[in-house]
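Asker: Sequence plus the predicted model coming up.
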Amino acid sequence: MFNRFYQPDLDIENLEVTPHLVLSSREELRLPLRWIAILYGRVTADLALTTGVHQVEDVIKGIMAGASVTMMASALLRHGIGHLGTVREALLHWMEEHEYESLTQMRGSLSQKSIAFPAAYERAQYVQIVGTLDTGR
């Protein structure tokens with residue numbers, strides 16, 4: 001979900017459309033993560049998390065939200081193909097440390113349908129979160 005769209009720029013001096021690639025950042029993970037967690041178990045489709053996945057923690061979050069697959073193109077462009085092996089090893093280590101036997105066991109465990117307080121994924125939570133801000137006044 002939330003695959004990055006190709007967004008060319010406009011060169012107004014040369015009157016051309018120019019390519020412009022902007023790689024994702026980890027901060028972009030939360031929006032697709034939220035929607036995967038909400039949709040998991042409600043749609044009969046596999047869900048792919050495609051924006052903001054850079055480290056093993058992002059992969060774990062995606063699977064626990066309900067993703068069948070996480071994709072990390074920007075991370076691979078930044079760190080090279082060897083990054084996959086690093087993330088895979090870290091994932092296996094984390095799963096062993098937390099006593100998970102498979103990704104299937106993890107999948108959807110933190111989805112909206114699986115948590116004790118499902119409203120945490122809803123917009124109404126925004127009001128409560130804003131109320132916790134320390135503005136320094």
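Answerer: Thanks, I have it.

Asker: got the contact list for Phe84?
Answerer: Phe isn't right for residue 84; it's Leu. Taking Cβ atoms under 8 Å, 6 or more residues apart in numbering as the contact definition, Leu84 lies against 72, 76. Using the backbone N, CA and C atoms, a C-beta is placed for each residue, glycine as well.

Asker: Quick check, pLDDT for it.
Answerer: The confidence metric pLDDT takes the value 97 at Leu84.

Asker: Please identify which helix or strand holds it.
Answerer: Counting by DSSP states H and E, the element that carries Leu84 is helix 82-97.

Asker: ok, and the helix or strand in this structure with the lowest average confidence?
Answerer: Taking all helices and strands of the chain together, the one with the lowest average confidence (mean pLDDT, DSSP states H and E) is helix 125-131, at a mean of 58.

Asker: picking up where we left off before, what's the offset of the helix holding Leu84 from the middle of its chain?
Answerer: Put simply, helix 82-97 sits 17 Å off its chain's centre (Cα atoms, centre = their mean, to the nearest Å).
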